[in-house]
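A.B. asks: How does the following fold in three dimensions:
(chains A and B)
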Amino acid sequence: MTTTSQPDRKRAVRSAVVLFLVAVAVYGSFIFVQYLRSQGGA
Amino acid sequence: MSTTTATHDDHAHQPTGLMRWLTTTNHKDIGTLYLVLSLVMFFVGGAMAMVIRAELFQPGLQWVDPGFFNQMTTMHALVMIFGGVMPAFVGLANWMVPLMIGAPDMALPRLNNWSFWILPFAFALLLTPLVLGLFGIGGGAPAGGWTMYPPLVLQTGNAFPFLIFAVHLMGISSVLGAINIIVTIMNLRAPGMTLLKMPLFVWTWLITAYLLILVMPVLAGAVTMLLTDKYFGTSFFLAAGGGDPVMFQHIFWFFGHPEVYIMILPAFGIVSQIIPTFARKPLFGYDSMVYATASIAFLSFIVWAHHMFTVGMPLAGQLFFMLATMLIAVPTGVKVFNWVATMWKGAMTFETPMLFAIAFVFLFTIGGFSGLMLAIVPADLQYHDSYFVVAHFHYVLVPGAVFGIMAGVYYWLPKWTGHMYNEKLGKLHFWLSTIFVNVTFFPQHFVGLAGMPRRIPDYATQFADFNAISSIGSFVFGLAQLIFLYVVVSCIRGGQKATAQVWDGAEGLEWTVPSPAPHHTFDVPPVVR
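C.D. replies: Numbering: from 1, shown residues only, chains lettered A, B, ... in the order given. This next block holds a predicted model:
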């Protein structure tokens, strides 16, 4: 068994969720900006 | 670095056979899976390269029709980049990062399993149209180039959604893998291992992982828009509907240039581990290596349009992207200087990993120099889409990234298997690879400068001699990789027992655990002083 302490795990999961949201935000924002461009904005 | 370690091999019950590999959450198992997938993909992509070089052996059409040739160039790139190089580095990271920082495993082991197992499905999707095409079903694989430029790529037949979904899956796998690596390095370092005590391989991977998180979603966004342009009536990149095809190129290369560094920074890390070991000296300028890596990563985001000089842009844009690109030579030069300075007056020995590392320094630098030539706008207008570009990026990626991977595999193989590999065969593999990688790619500079365009199955007769030499070089280079396969397999099966330290100049936590590394390591964190 590998062991990591509970606070370690919580911190790791929290960081992972933040990083995942960053990735999703980058993905979404690129498409959104292109959408605005295609509508004649941005 | 002096360390105290505690290690034990805890044989907690676990599935065996296929279920072991499907359900494993162990970083060493998952690292092995990545490396095996990568090896398979290198041979698949290599076979495609052999088709390309066989067709180009002499002018005229010999073996394949032009459509299939285009499928080969497209798939060779996609398979080698996303299936060969990237999974190899992730495999090395899986194996070595926890061992190097004294962590018991990756921070999120189940996510790690998922990150890997997405990939075989991605490549099954990517390769399905090609395989079906070989049996006469469908129109074959995508053939519009790995860059997927619209409007050409939108003419792809039924292979198009396969390509788009495969790229999405690869992207998801890469992002999840990168997240895991970052949280592992930031949260699970052994007590006392401050950021500036981390091995260079860990540093380069930390920075690479941030690059991955920032650019893979950009690629995913671009291909999503391609998908909606083709099937859902949007016109993001279709001029007829008011869209802008050039914008795709900007978005693609905003991903694509950092991607180049994603494929080379971990190799920098590997070489930075190996050279000090075999020079028996500490790495010269450790701090400057870290800052140089971070600088390269930053600069990689502001140079993308140097791939697009011929598309046309304002003079200010040309100047900015040209100068920013040239600026990358500064931190890269710092690195090359530091590697040479580490070797300077060292007690050097030349085992296979060191040979590959030294070849990396020389040959990657050639690729770097031709990159500088391509950065010069008026020169690039001549070189663009010629074989000079092909020679340039193959110098960066083959004796660069791939030699980095091979150096790492030879370096760490005894730690993984518990056996020393066959040094004589390793050296034979090295010399054949190094000689024939140059025979393959160096003449491509000449035909490129003389005007031979890339991505064509036929060419003017004045290019015949250099192409024949290049093809012969590639065949021998390809065959030499079978030696690598034999060396790896025979090392797994047996051989002289490896000690824990393996190499007498090796330092770091990974060399304090027995060889082969037990299934579980660092259950009790080591203390780094």
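A.B. asks: interface residues of chain A facing chain B?
C.D. replies: A:1-4, A:8-9, A:11-13, A:15-16, A:19-20, A:22-24, A:26-28, A:30-31, A:34-35, A:37-38 (CB under 8 Å from any CB of the partner chain). Where you see a C-beta, it was placed from the backbone N, CA and C, and this is true even at glycine.
A.B. asks: Sort out which of the residues you listed are in helices and list them.
C.D. replies: A:8-9, A:11-13, A:15-16, A:19-20, A:22-24, A:26-28, A:30-31, A:34-35, A:37-38 (DSSP state H).
A.B. asks: Can you give me the neighbour number for A:A25?
C.D. replies: Residue crowding around A:A25 was assessed by other CB atoms under 10 Å in any protein chain shown; the count is 12.
A.B. asks: ah, wrong one, I meant B:I213
C.D. replies: Residues near B:I213, counting by other CB under 10 Å, number 21.
A.B. asks: repeat for B:P15
C.D. replies: By other CB under 10 Å, the residues close to B:P15 number 11.
A.B. asks: For the residue lying closest to it once chain neighbours are set aside, report the pLDDT, please.
C.D. replies: In space, and not counting its chain neighbours, B:P15 is closest to B:T23: 5.8 Å by CB to CB, 6 or more residues apart in numbering or on different chains. You'll see B:T23 listed with a pLDDT of 94.
A.B. asks: Can you tell me which helices and strands whatever helix or strand B:G408 lives in packs against?
C.D. replies: Under the criterion of DSSP states H and E, B:G408 resides in helix B:403-417. Applying 3 or more CB pairs under 8 Å, 6 or more residues apart in numbering or on different chains; DSSP states H and E, we find helix B:403-417 packed against helix B:27-55, helix B:86-101, helix B:265-279, helix B:352-375, helix B:423-449, helix B:464-493.
A.B. asks: Could you check the angle that helix makes with helix B:352-375?
C.D. replies: Here helix B:403-417 runs at 150 degrees with respect to helix B:352-375, directions being taken by axes from the mean of the first three to the mean of the last three CA atoms, to 10 degrees.
A.B. asks: Next one: the residue of the stretch 301-450 of chain B found nearest chain A from B:L176, what distance?
C.D. replies: Closest residue of the stretch 301-450 of chain B to chain A, CB to the nearest CB: B:F301 (12.0 Å). The gap separating B:F301 from B:L176 is 22 Å, by CB to CB, to the nearest Å.
A.B. asks: So if I had to pick from those two, which one is more boxed in?
C.D. replies: Taking other CB under 10 Å, B:F301 and B:L176 do not tie; B:L176 has more neighbours (24 against 15).
A.B. asks: Could you check which helix or strand contains the closest residue to the more buried one other than its chain neighbours?
C.D. replies: With sequence-adjacent residues excluded and distances taken as CB to CB, 6+ apart, B:L176 is closest to B:S115, at 4.3 Å. Element membership for B:S115, per DSSP H and E: helix B:109-134.
A.B. asks: quick one on the thing from earlier: dump the helices and strands packed on helix B:403-417 to TSV, plus mean neighbour count, mean pLDDT and distance to chain A.
C.D. replies: Output for those, formatted as TSV (neighbours: other CB atoms under 10 Å in any protein chain shown; pLDDT from 0 to 100; distance: least, CB to the nearest CB, whole Å):
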stretch	mean neighbour count	mean pLDDT	distance to chain A
helix B:27-55	20	98	9
helix B:86-101	27	98	9
helix B:265-279	27	98	18
helix B:352-375	21	97	26
helix B:423-449	20	98	33
helix B:464-493	17	98	24
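A.B. asks: List just the one of the ones you listed that sits closest to B:L108.
C.D. replies: B:L108 lies closest, by CB to CB, to one member of the helices and strands packed on helix B:403-417: helix B:27-55, at 10.6 Å.
A.B. asks: ok so, going back, go through the helices and strands packed on helix B:403-417 and name the closest to B:V398.
C.D. replies: B:V398 lies closest to helix B:423-449 among the helices and strands packed on helix B:403-417, at 5.5 Å (CB to CB).
A.B. asks: angle of the closest one against helix B:403-417?
C.D. replies: 160 degrees.
A.B. asks: so what secondary structure elements neighbour helix B:423-449?
C.D. replies: Packing contacts for helix B:423-449, counted by 3+ CB pairs under 8 Å, 6+ apart, involve helix B:352-375, helix B:387-396, helix B:403-417, helix B:464-493.
A.B. asks: by how many degrees do the third one and helix B:86-101 diverge?
C.D. replies: Note on geometry: by the same axes, to 10 degrees, helix B:403-417 and helix B:86-101 are set 50 degrees apart in direction.
A.B. asks: Over to the longest one?
C.D. replies: Taking the same axes, to 10 degrees, helix B:464-493 and helix B:86-101 form an angle of 40 degrees between their directions.
A.B. asks: Same question for the second one.
C.D. replies: Orientation check (the same axes, to 10 degrees): helix B:387-396 against helix B:86-101 gives 30 degrees.
A.B. asks: So which elements touch helix B:387-396?
C.D. replies: Applying 3+ CB pairs under 8 Å, 6+ apart, we find helix B:387-396 packed against helix B:352-375, helix B:423-449.
A.B. asks: Okay, angle between that helix and helix B:27-55 too, please.
C.D. replies: Interaxial angle, helix B:387-396 versus helix B:27-55 (the same axes, to 10 degrees): 150 degrees.
A.B. asks: Centre of the chain to helix B:387-396, how far?
C.D. replies: The chain centroid and the centroid of helix B:387-396 are separated by 15 Å under CA atoms, centre = their mean, to the nearest Å.
A.B. asks: between that helix and helix B:265-279, how big is the angle?
C.D. replies: Put simply, helix B:387-396 runs at 50 degrees to helix B:265-279, going by the same axes, to 10 degrees.
A.B. asks: Low-confidence stretches in chain A?
C.D. replies: Applying pLDDT under 70 to chain A flags residues A:1-7, A:41-42.
A.B. asks: between the helices and strands packed on helix B:423-449, which gets nearest to B:I181?
C.D. replies: helix B:403-417 (15.6 Å).
A.B. asks: Closest to the centroid, which residue in chain B?
C.D. replies: The residue lying closest to the centre of chain B (CA atoms, centre = their mean) is B:V85, at 3.0 Å.
A.B. asks: which residues does it contact?
C.D. replies: Going by CB atoms under 8 Å, 6 or more residues apart in numbering or on different chains, B:V85 touches B:38, B:263, B:397, B:401-402, B:405.
A.B. asks: Among those residues, which pair sits farthest apart?
C.D. replies: The span of the contacts of B:V85, defined through CB to CB, is set by B:S38 and B:L397 at 13.8 Å.
A.B. asks: For B:H8, give me the pLDDT.
C.D. replies: Note for B:H8: predicted pLDDT of 46.
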